[in-house]
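Participant: generate a structure from the sequence data that follows.
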Amino acid sequence: MVYYLTMSFLLEFIATGLLIGKLPFAPGTLGTLLGIPIVLLLYIDTNLYLWGTALLFFTGWLASEHMVRLLKDEDPEEVVIDEIVGYMLAFLLVEPSLKALILGFVIFRIIDIFKPFPVNLFENFPGGLGVMADDVVAGVLTSIILYMLLQ
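Facilitator: Here you go, the predicted model:
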């Protein structure tokens, strides 16, 4: 029983971005902001950034799946690990300079909120993958836009 409660709390802690997603206002925006120091920390080495992003994606998928089942909600608002990973992916093609971090934040949030095609197709995936997938696509799309703007 203690193991289950500990694991449940750990998965919730990850899914909610260190519990930031439980704050009563703008959880997606706050989650995206949490992505900034994570990008800066991991981007000191390209391999660390890529492996860290992949690890956080798969951990986020598992944690999101747990929250979807726990809350019986296909896309719980308090889950922000998807925004964190999506924002991290915005720097696949560009280095995170101050200008890129700010532009990436604004572009990612716009894409994440409005979910233009093809982003909207990915939110229909079931469970935790559906929570994560649209933000992954939004992050990659943000990276492409940043590349075009900053190159």
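
Participant: so where is this protein shaky, pLDDT-wise?
Facilitator: Low-confidence regions of the chain, defined by pLDDT under 70, span residues 1-4.

Participant: can you tell me the helix or strand for the spatially closest residue to residue 107 that is not a sequence neighbour?
Facilitator: Residue nearest to residue 107 in three dimensions, not counting chain neighbours: residue 142, with 4.8 Å by C-beta to C-beta, 6 or more residues apart in numbering. Yep, even glycine has a C-beta here, placed from its N, CA and C like the rest. Using DSSP states H and E, residue 142 sits in helix 127-150.

Participant: and the residue nearest to residue 107, what does it touch?
Facilitator: 86-87, 89-90, 104, 107-108, 111 (C-beta atoms under 8 Å, 6 or more residues apart in numbering).

Participant: ok, residue 43 next?
Facilitator: Per C-beta under 8 Å, 6+ apart, neighbours of residue 43: 49, 91, 95-96.

Participant: which of the residues you listed lies closest to residue 6?
Facilitator: Closest approach to residue 6 among these (C-beta to C-beta): residue 49, at 29.5 Å.

Participant: and the gap between that closest one and residue 39?
Facilitator: Distance, residue 49 to residue 39, by C-beta to C-beta, to the nearest Å: 8 Å.

Participant: name the helices or strands packed onto the strand or helix carrying residue 60?
Facilitator: Take DSSP H and E as the rule and residue 60 turns out to sit in helix 46-71. Using 3 or more C-beta pairs under 8 Å, 6 or more residues apart in numbering; DSSP states H and E as the contact test, the elements touching helix 46-71 are helix 2-15, helix 27-42, helix 81-89, helix 127-150.

Participant: redo those helices as TSV? Include distance to residue 66.
Facilitator: Shown next, in TSV, are the helices and strands packed on helix 46-71 (distance: least, C-beta to C-beta, whole Å):
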stretch	distance to residue 66
helix 2-15	4
helix 27-42	17
helix 81-89	11
helix 127-150	7
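
Participant: just name the most buried of those helices.
Facilitator: Most buried of the helices and strands packed on helix 46-71 by mean neighbour count (mean count of other C-beta atoms under 10 Å) is helix 81-89; its value is a mean of 29.

Participant: the inter-axis angle of that one versus helix 127-150?
Facilitator: Orientation note: helix 81-89 sits at an angle of 30 degrees relative to helix 127-150 (axes from the mean of the first three to the mean of the last three C-alpha atoms, to 10 degrees).
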